[in-house]
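>>> starting from these lines, generate the structure:
(4 chains, ligands or ions: 4)
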2 protein chains.
Amino acid sequence: MSEQIKAIFDKHDIKITNARSSILEVLKNAHTPLNYEQIKEKMETMMDKATFYRNIAKFESLGIVHKFESDDRKWYFELSTSIHAHFICEECHQIKCIDVSMGEVEGDVKSIVLKGTCKACK
Amino acid sequence: MSEQIKAIFDKHDIKITNARSSILEVLKNAHTPLNYEQIKEKMETMMDKATFYRNIAKFESLGIVHKFESDDRKWYFELSTSIHAHFICEECHQIKCIDVSMGEVEGDVKSIVLKGTCKACK
DNA sequence: TAGTGCAATGCAACTTAGTTGTAACTTAAT
DNA sequence: ATTAAGTTACAACTAAGTTGCATTGCACTA
Ligand SMILES: [Mn+2]
Ligand SMILES: [Mn+2]
Ligand SMILES: [Zn+2]
Ligand SMILES: [Zn+2]
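Ligands and ions are numbered 1, 2, ... in the order given. The predicted structure is shown next:
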């Protein structure tokens, strides 16, 4: 288990389990948000999807993981970082993390998703 | 059938049916995006959900209607207008149409969804 | 080291928004 | 009115995510 993941467990005072560290390790090594199937493929540890989703829910409530819905009715997950937007291409379905400068918005913004056609598909 | 809806049928050269004009009439009178259940409640004409979704898909492909996913795993629909963003409150689940000034983005943006906590819930 | 309690897991059954196949029915054009 | 092409209802289906519950594993104490 990497130092970064260990630090997350320490900070939030939750039990270290194979399932949990395996999920977080995958997310740490990803450079784009991933859905359940994609994470499952990359995980060392086999686990039931119930276990996966329950742990993801816990991570979310602790602010460790951030999720959003794409246009395929699936949730995509990534380790929480500074707030940034995601651009989802409706043609090739690739997801890109991007920075957007946004004017004032009422309320606390926690997630920004843009959809459209990416440069490559245009 | 209102003039505005009639104009839409004329422009796109699709068959006028009770189901279609009923859906569009509801969307025209709404001041916020609506999901299937909400539209169903407001519709004059009863129709099967298969009919509803097939018509919505047609409207979408013609650019008449725009849809996006909220945080409740439901699709929300509105008549296409000039591009604008939607703010979805994760507490009270209200959806607000907003204008955002956004920096340059690679690709064609067709939809923008922000999620977070609205002013009232904060 | 054995015993206790509580949280995490696996499994199977479930939920539900949206989809699909198809036969019957409408629409709009002639 | 006739007709072909498009639209509809109905019922069966799909699949991401959820839930109940029995079992397992972990930390703490005696
Ligand atoms: Mn990202
Ligand atoms: Mn809007
Ligand atoms: Zn693309
Ligand atoms: Zn709110």
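
>>> now the end-to-end length of stretch A:61-77.
End-to-end distance of stretch A:61-77 (Cα to Cα, to the nearest Å): 13 Å.

>>> any regions of chain A where pLDDT drops low?
Applying pLDDT under 70 to chain A picks out residues A:103.

>>> so which residues on it come close to DNA strand D?
Taking Cβ under 7 Å from any atom of the strand as the measure of proximity, chain A contacts DNA strand D at A:15-17, A:35-37, A:49-50, A:53-54, A:57, A:69, A:73-75. Heads up, the C-betas are built off the backbone N, CA and C, glycines and all.

>>> quick check: residues of chain A near DNA strand C?
Within chain A, the positions adjacent to DNA strand C are A:14-15, A:17-20, A:46-48, A:50-51, A:54-55, A:58, A:73 by Cβ under 7 Å from any atom of the strand.

>>> mind doing that once more with 6 Å?
Taking Cβ under 6 Å from any atom of the strand as the contact definition, chain A meets DNA strand C at A:14, A:15, A:17, A:19, A:20, A:47, A:48, A:50, A:51, A:54, A:55.

>>> which SSE is the last one in?
When you say that, I think you mean residue A:55. Using DSSP states H and E, residue A:55 falls within helix A:49-61.

>>> so which residues of chain A form strands?
A:65-69, A:75-79, A:85-89, A:95-98, A:108-117 (DSSP state E).

>>> still on that earlier bit, format the residues of chain A next to DNA strand C as CSV; extra columns: neighbour count and distance to residue B:112.
What follows is those, written out as CSV (neighbours: other Cβ atoms under 10 Å in any protein chain shown; distance: Cβ to Cβ, whole Å):
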residue, neighbour count, distance to residue B:112
A:14, 15, 34
A:15, 6, 39
A:17, 14, 38
A:19, 16, 35
A:20, 23, 33
A:47, 17, 35
A:48, 9, 36
A:50, 8, 33
A:51, 15, 34
A:54, 13, 31
A:55, 19, 30
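
>>> go through the residues you listed and say which is closest to residue A:3.
Distance to residue A:3 across the residues of chain A next to DNA strand C (Cβ to Cβ) is lowest for residue A:20, with 15.7 Å.

>>> tell me how far that closest one lies from ligand 3.
Per Cβ to the ion, to the nearest Å, residue A:20 is found 33 Å from ligand 3.

>>> how about the nearest residue to that residue, chain neighbours excluded?
Of all residues not flanking residue A:20 in the chain, residue A:55 sits nearest, at 5.5 Å (Cβ to Cβ, 6 or more residues apart in numbering or on different chains).

>>> residues in contact with the residue of chain A found nearest ligand 2?
Closest contact between chain A and ligand 2, by Cβ to the ion, is at residue A:115 (14.0 Å). By Cβ atoms under 8 Å, 6 or more residues apart in numbering or on different chains, the contact list for residue A:115 reads A:71, A:87, A:88, A:89, A:90, B:68, B:109, B:110, B:111, B:112, B:113.
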